[in-house]
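Visitor: Sequence and computational prediction follow.
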Amino acid sequence: MRFWLPLCFAACTGGMQDPSTVEQQEGACIALEGRRFETVSELECGRSPNGVGLCKWQLQFATRDDESSAFNWQYSDVGEAGHIECDGATITSITSSPRQIDATFDAATQKLVWEDQTYVPAN
């Protein structure tokens, strides 16, 4: 029984990196892996019967390998997936997405700025 308590604690605090750890990232974005983020405000989300629909855009990150992490980005009425790498708090896409994605993550505030939109951890 004692074995499970540290394991649960480690699993429940995953991604809660201190700023010095985030600044040391090179390759995989370990501070983001296993986490989901959403925009602070509702943004354009496609057409609805009443005109433009609004929703929170979402980003989800997963482990890939030591060199990069995987992302799944749901925005507007579009979805994109690919791979990213981190150099400290700077995030860059490394796959043939429709465009180059540049982002930053602030571990102290837990805010992620991705393509000029601010994201926070999703509940």
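Guide: Yep, that arrived. Note that the structure is a prediction, hence the values are computed from the model and not measured. Numbering: from 1, shown residues only.
Visitor: all strands for this structure, in order.
Guide: 26-27, 36-39, 43-48, 51-55, 58-63, 69-75, 78-87, 90-93, 102-106, 111-114, 117-121 (DSSP state E).
Visitor: Which other helices and strands does the fifth one contact?
Guide: Where contact means 3 or more CB pairs under 8 Å, 6 or more residues apart in numbering; DSSP states H and E, strand 58-63 is packed against strand 36-39, strand 69-75. Bear in mind the C-beta positions are built from the backbone N, C-alpha and C, glycine included.
Visitor: So which of those is nearest residue 111?
Guide: strand 36-39 (8.9 Å; CB to CB).
Visitor: what does the closest one rub up against?
Guide: 56-61, 112, 114, 117-122 (CB atoms under 8 Å, 6 or more residues apart in numbering).
Visitor: same question, stretch 40-55
Guide: 56-57, 75-77, 117-120.
Visitor: average pLDDT across it?
Guide: Taken as a whole, stretch 40-55 has a mean pLDDT of 94.
Visitor: buried stuff in that stretch?
Guide: Across stretch 40-55, burial judged by 16 or more other CB atoms under 10 Å covers 45, 55.
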